[in-house]
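[1] sequence first, then the predicted structure, then my questions.
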Amino acid sequence: MTTPVLVLGGSGYLGRHICSAFGAAGARVVRVSRSGVDGGVDGDGCRSVRLDLTEAEPAELARLCADTRARVLVNASGAVWGGGERRMAEANTELVGRLAGAVAGLPDRPRLIHLGSAYEYGPAAPGTSIGEDWPTAPTTVYGRTKLRGSQAVLRAAAELGVDGVVLRVGVACGPGAPGNSLAGVVAAHLAAGRDELRLAPLHDHRDLVDVRDVADAVVAAALAPSHAVAGRVVNIGSGRAVPVRALVDLMISLSGLPVRVVEDPALHRTRSDAAWQRLDIGRARRLLGWSPRRALRESVRDLLAAAGVPPPATVRAATACGPPNSHGKDSR
């Protein structure tokens, strides 16, 4: 695959893994981000372009596509939890509308792959599998702004002939998890070696999917026939509902650290109040030939390693040796 690929938000959590997946497939990748260096080549071989996407006008976005000769355009940009309502509207809705319009005006249009979110769906009862026809009734600002962005891509496909597809992604988990995510918070706590972890109540179930599996799904969407994916929504998840308490317990268990978890009702939950999330990923299997390959245990193990949490054997050895004395030697 030698296709030129343009990844917006290429330095973010999802974007970094997407760039790596396309690079491994042989694509010529250009990552766009506010922190990039114009014309620079990053350590993974991707060329970088520096651009504040929330300020970019349609003409500038169209020129970027034309200059890079992109045949695939991935929108992995956006504002996540805690970004503020205005920031989320700019990054998750307004940018996507301008981007879809820019692609529609190009004489040689790339395939537009937009990363949506499972939080665009409305609440589901425990035991339910959420298919792509599930009602879109998000309960958070994040979900509502993401939904409007996805709708802009679907409208451009239906009304303007844009070769666009929306991938609705569950909760990505794995190496590099952002610090404002539950997994990122727990990993940072374990890396710091604290013995008590206070969290908001952990009652919910989430569809957790490895971030590298998400990246593989994006590559699969780039390679799928246009007639199969254009104008479609495709769920990307594990197809399983994992109790978030089980995620936290697994992280602690794999770290080997003696950490006590305190679920504090006084702590505010910043995410969705939806208690259940399990995506039906049958369409991804049929249209993309994609299925998740990495188990949650592998995702958590690699997440902890990337966060600097020592392997359990190292922890046990350090505990057995005891604290160093004033001469820097073991106190045995």
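    All right, it came through fine.

[2] partner strands of the strand or helix carrying V166 and their direction?
    Remark: V166 resides in strand 164-169, with elements defined by DSSP states H and E. If you go by DSSP bridges, strand 164-169 pairs up with strand 111-117 (parallel), strand 233-236 (parallel).

[3] and the next element down the chain from it?
    Counting by DSSP H and E, what follows strand 164-169 is strand 171-173.

[4] from the middle of its chain, how far away would that following strand be?
    6 Å (C-alpha atoms, centre = their mean, to the nearest Å).

[5] how far away is the nearest residue to R301 once chain neighbours are set aside from P135?
    Closest residue to R301 apart from its sequence neighbours, by C-beta to C-beta, 6 or more residues apart in numbering: L254 at 5.7 Å. Glycine gets a C-beta too; all of them are placed from N, C-alpha and C. L254 sits 37 Å away from P135, taking C-beta to C-beta, to the nearest Å as the criterion.

[6] next: L190.
    38 Å.

[7] those two: which is more packed in?
    L190 (23 against 10; other C-beta atoms under 10 Å).

[8] turn the strands paired with strand 164-169 into CSV, including mean pLDDT, mean neighbour count and distance to S20.
    CSV is the format used below for those (pLDDT from 0 to 100; neighbours: other C-beta atoms under 10 Å; distance: least, C-beta to C-beta, whole Å):
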stretch, mean pLDDT, mean neighbour count, distance to S20
strand 111-117, 98, 27, 15
strand 233-236, 98, 26, 17
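
[9] so for stretch 178-196, mean pLDDT?
    Averaged across stretch 178-196, pLDDT comes to 94.

[10] list the buried ones in it?
    S181, L182, A183, G184, V185, V186, A187, H189, L190, A191 (16 or more other C-beta atoms under 10 Å).

[11] show me which of these is closest to A275.
    Distance to A275 across the buried residues of stretch 178-196 (C-beta to C-beta) is lowest for L182, with 14.8 Å.

[12] quick check, G308 in a helix?
    No - counting by DSSP: H, G, I helix; E, B strand; the rest coil, G308 is not part of a helix but coil.

[13] that one reaches H189, doesn't it?
    No - counting by C-beta atoms under 8 Å, G308 stays clear of H189, with 11.9 Å between them.

[14] which residues of the stretch 151-300 of the chain fall in helices?
    182-192, 211-223, 226-229, 244-255, 282-283, 296-306 (DSSP state H, counting those that start in this stretch).

[15] how close does R47 get to L267?
    Relative to L267, and taking C-beta to C-beta, R47 is found at 43 Å.

[16] so where's this structure shaky on pLDDT?
    The chain contains residues with pLDDT under 70 at 36-40, 43, 81-83, 269-273, 313-332.

[17] quick one: the strands in it, in order.
    Taking DSSP state E as the test, the strands found in the chain are 4-8, 28-33, 47-50, 72-75, 111-117, 164-169, 171-173, 196-199, 205-206, 208-210, 233-236, 242-243, 260-263.

[18] kindly export the second one (C-alpha atoms) in CSV.
    Listed in CSV are the C-alpha atoms of strand 28-33, where the atom choice follows Å, rounded to 0.1, in the frame of the first residue of the first chain:
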residue,chain,number,x,y,z
ARG,A,28,3.2,7.6,2.7
VAL,A,29,1.8,9.3,5.8
VAL,A,30,1.5,13.0,6.6
ARG,A,31,0.4,13.8,10.1
VAL,A,32,-1.2,17.2,10.9
SER,A,33,-1.2,18.7,14.3
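
[19] and that strand, how far out from the chain middle?
    17 Å.

[20] what strands line up against that strand, and which way round?
    strand 4-8 (parallel), strand 47-50 (parallel).

[21] and those strands: which comes nearest V162?
    Minimum separation from V162 across those (C-beta to C-beta) falls at strand 4-8, 14.9 Å.
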